[in-house]
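Undergrad: Attaching a predicted model along with its sequence, questions to come.
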Amino acid sequence: MRTGEPLPSVGDVLAALATGLWHWDTATGLVTVDAEAARLLGLPAERTTLTESQTRARLHPEDWNEITGVVPLAVDEGTLAEVRIRIMDERGQVIRVVRSRSKPSFDPDRRTYELVGTLQEVTEPVPGTAAARNAVTGDWRRSREAFLLDAGRALAEARSTAEVLRVAGGLSMPGFSPDGLVVFGVEGDWLTIIGHHGHQPGDIRPFSHMPLAADYPAAEVVRTGRAVYLSSPEQYETRYPATWPLVRHFGRHSWAFLPLTVAGRTMGAWMAAFTYPVAFTPDERAVLATVARMLAQALSRAGAAESERELTEGLQRSMLPSLGPEIPGMRVAARYIPTGGGLQVGGDWYDMIPLPSGRFALVVGDVQGHDVRAAGLMGQLRIALRAYASEGHRPDAVLSRASRFLHGITHGSRDEHPSDLRFATCVYVEADPATGLLEIARAGHPDPAIRMADGTVMMRPTAGGLPLGIDPDADYPTTGFALEAGETLMLCTDGLIETGGHDMESGWRRLRAVLEEHQGDVETLADALVQAVHGPTSHHTTGPLADRREDDIALLLLCRAGDGCRWDDTLTERPKVRRTLLSVAQDEPDRIAEARHHLRELLHDWLCAEQVDSAVLLVSEMVTNVLVHTDADALLLAEVTGDGDRRRLRVEVTDAGDDLPHKRRPGELASSGRGLMLIELLADAWGVDPRGRGKSIWFELYEPDGAGGVSGGVSEGLARGSDPAPPDGPAPGAA
């Protein structure tokens, strides 16, 4: 071209450069292309106008989605929209790859976009070369999609702010990975640092408390809600000269500052810094923006979860009491474990209450449900129980008043929905430290358990009534027995028994094994019980109902000093005596079945099963005799002494009646008179001892050397004509 000649037209220049021109107006939905652009799209080389659907048919579907994502981003940032596009033929084959560069504009009134841009054919770089790193190839897209899926999953699973920052610091972006990350937060008018990766703690101190008005990219991002991309140190120094001296010594070459936005509110900023130059193409910006959005959501969820945990832990601490001063001769240990999911405080609770009499009360309860209302009712009910107990009422009166109180607050409102009506189970124990005497009232709660001095564990049947809050006039009878020296009382909610998919029976067997094998003090025993149901071993002992929802756990242990319960040193040898005491009143004939069950629990490890059957039969006979032939109550005392395979069982049934039993010889059709005959046939030794007031009938059984031996048994007794009692009813043949 000679000097002074006119410049060629734009169309001629573009044609010489094999560059096509196109125009797209989303308001009309039409795309106009010149002859070169039409040729690049695989159409006849002539100017033409296409609809959006016709244009879309010539492009790879992934690239069309890329265009629709890059255009709004370029408008927001005031930059060019640049995309590599694969052109498809009618058979769906890629015929060429072109690069599209356009300048989009947005009409806020019509909410439409208008783009004017160019198309130019490009050569796909060889995979693995330096040029391939920035190419928008199919492999790059697949890598990016896989990265975003993995990043989204990892950030969604993060439960705390620290875990979110750890995940963000470990992200490896496809084709470009930052070596320095900082997450900024906002407190008032100040920029704070929530977390960082790739920096020493002292290096970021100048940025840890910076005003939002500062000339710093992160502050500008928080103020405007728009990202800032700095591709070179020169660009950083030019735009932010005030803070460049603080950044220069890090040796970075490119920076991206993106807003952390949740629900339209900018909660902070995220900085990604690179040690090598990054052009921040639209594809790279799209990846960074997507990660920033996921990071903001994850931080918001983690912050809300941490606030909820802090709230519920504070609520839990305020609702659960301390155990108070030590009790002479006794030790108390308690645990509360919230369920693993949802609200971290529920309706379970425990309490220890000093009483005006000098005694103290132990309470374990469970309000129906696991939500905020259950937690609120638990707090109200615990306070009410403490108030009634502190007034000096007996256990039955305390529970009766508590039931009326709960019924009043759950049934008293006219607006109360039937689904909001709640009840609570509870066990209340009044203990005398001097004598070990326990008085127990129970409201629909699991029975307490006793670990004896020799390690034997028994469920202790107690009288009970309806759960609290169901019937305001419900009655709660009490059961009294003594906690012997060396014995431990366990009170718990059903969560301790049923956690891990167990029912009451299989869960109790699991706890019983832990109680019997434990050798430490009461605190380590409490930890062992919780670990047994929540620790790794519980996964190997799941119950038959594996899909059962987990529940809170409240546990309370009371230990009376003795050979089986020490806190000065670890017990090295179990005592050789186990003993249990049970009373059966005249108006409680149903407790004969409890007495039989109680004796079986005491003899759970007895070698000879037939002797256990014999003992249960004889106890049923002896207690029934007292209730039938006297007007007194029966007191059952069972004691196992000895060690190893040669032990002795002694059972005494005492009553206040003066009439001594006499052995008779009933006829074949007689319905009674065989009681002493059975004792003589089945027992190794027996007798009747008069007392100062009343009498005592006793028998003894001696454990054989091996399980195969029999020394007195049901089979032997039946061979001689005896008739054992049914398992759940009074024994026939009372003497």
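TA: That came through, no problem. Residues are numbered from 1 along each chain as shown.
Undergrad: remind me which residues of the stretch 351-500 of the chain are low pLDDT?
TA: By pLDDT under 70, the low-scoring segments of the stretch 351-500 of the chain are 370, 412-420.
Undergrad: Can you show me the helices along it?
TA: Here the stretch 351-500 of the chain has its helices, by DSSP state H, counting those that start in this stretch, at 372-390, 395-411, 494-498.
Undergrad: mind checking which of these is nearest residue 85?
TA: Nearest of these to residue 85, taken as Cβ to Cβ: helix 372-390 at 54.6 Å. C-betas here are computed from N, CA, C, even on glycine.
Undergrad: Going by contacts, tell me the helices and strands next to that closest one.
TA: Based on contacts counted as 3 or more Cβ pairs under 8 Å, 6 or more residues apart in numbering; DSSP states H and E, the elements that helix 372-390 packs against are helix 282-319, strand 348-354, strand 360-367, helix 395-411, strand 424-431.
Undergrad: Now do the last one: which elements does it pack against?
TA: Other helices and strands packing on strand 424-431, by 3+ Cβ pairs under 8 Å, 6+ apart, are strand 360-367, helix 372-390, helix 395-411, strand 437-443, strand 488-492.
Undergrad: Quick check: which of these is nearest to residue 48?
TA: In terms of Cβ to Cβ, the element of the helices and strands packed on strand 424-431 nearest to residue 48 is helix 372-390, at 65.9 Å.
Undergrad: pull the longest strand from the chain.
TA: Counting residues, the longest strand found in the chain (DSSP state E) is strand 94-107.
Undergrad: The helix or strand following that strand: which residues count as buried?
TA: Moving toward the C-terminus from strand 94-107, the first helix or strand encountered (DSSP states H and E) is strand 112-122. Within strand 112-122, the residues that count as buried by 16 or more other Cβ atoms under 10 Å are 113, 114, 115, 117, 118, 119, 120.
Undergrad: quick one on the thing from earlier: tabulate the helices of the stretch 351-500 of the chain (CSV), appending distance to residue 353 and mean neighbour count.
TA: Putting the helices of the stretch 351-500 of the chain into CSV (distance: least, Cβ to Cβ, whole Å; neighbours: other Cβ atoms under 10 Å) gives the following:
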stretch, distance to residue 353, mean neighbour count
helix 372-390, 5, 19
helix 395-411, 9, 21
helix 494-498, 22, 23
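Undergrad: how about those, which one is nearest residue 30?
TA: Nearest to residue 30, of all the helices of the stretch 351-500 of the chain, is helix 372-390, at 57.7 Å by Cβ to Cβ.
Undergrad: now that closest one and strand 424-431, what's the angle there?
TA: With axes from the mean of the first three to the mean of the last three Cα atoms, to 10 degrees applied, the angle from helix 372-390 to strand 424-431 works out at 30 degrees.
Undergrad: how distant is helix 372-390 from the center of its chain?
TA: Relative to its parent chain, helix 372-390 has a centroid offset of 24 Å by Cα atoms, centre = their mean, to the nearest Å.
Undergrad: Follow the chain on from the host helix or strand of residue 152 and name the next helix or strand.
TA: Using DSSP H and E, the secondary-structure element containing residue 152 is helix 138-157. Stepping forward along the backbone from helix 138-157, the first helix or strand reached (DSSP H and E) is helix 161-169.
Undergrad: For that following helix, name the packing helices and strands.
TA: helix 138-157, strand 180-187, strand 190-197, helix 282-319.
Undergrad: Excluding sequence neighbours, find me the nearest residue to residue 551.
TA: Spatial nearest neighbour of residue 551, excluding adjacent residues (Cβ to Cβ, 6 or more residues apart in numbering): residue 495 at 3.6 Å.
Undergrad: So what does residue 32 have for phi and psi?
TA: The phi and psi torsions at residue 32 (degrees, to the nearest 10) take the values phi -100, psi 130.
Undergrad: Any idea what it is bridged to?
TA: Following DSSP bridges, residue 32 is listed with bridge partners residue 23, residue 49.
Undergrad: repeat for residue 687
TA: Following DSSP bridges, residue 687 is listed with bridge partners residue 698.
Undergrad: need the contact list for the residue lying closest to residue 637 once chain neighbours are set aside.
TA: Counting by Cβ to Cβ, 6+ apart, residue 652 is the residue found nearest to residue 637 once chain neighbours are left out, at 4.6 Å. With Cβ atoms under 8 Å, 6 or more residues apart in numbering as the criterion, the residues that contact residue 652 are 636, 637, 638, 696, 697, 698.
Undergrad: Counting neighbours, which of the residues you listed comes out on top?
TA: Counting neighbours by other Cβ atoms under 10 Å, the top entry in these is residue 697, with 26 neighbours.
Undergrad: In this structure that residue contacts residue 661, no?
TA: Yes: at 6.7 Å, residue 697 counts as touching residue 661 under the criterion of Cβ atoms under 8 Å.
Undergrad: Go ahead and list the helix or strand containing residue 617.
TA: Secondary structure here is read from DSSP H and E; on that basis residue 617 sits in helix 609-629.
Undergrad: now residue 705: how far from residue 294?
TA: 72 Å (Cβ to Cβ, to the nearest Å).
Undergrad: okay, these two: which has more neighbours?
TA: It is residue 294, of residue 705 and residue 294, that has more neighbours when counted by other Cβ under 10 Å, with 21 against 12.
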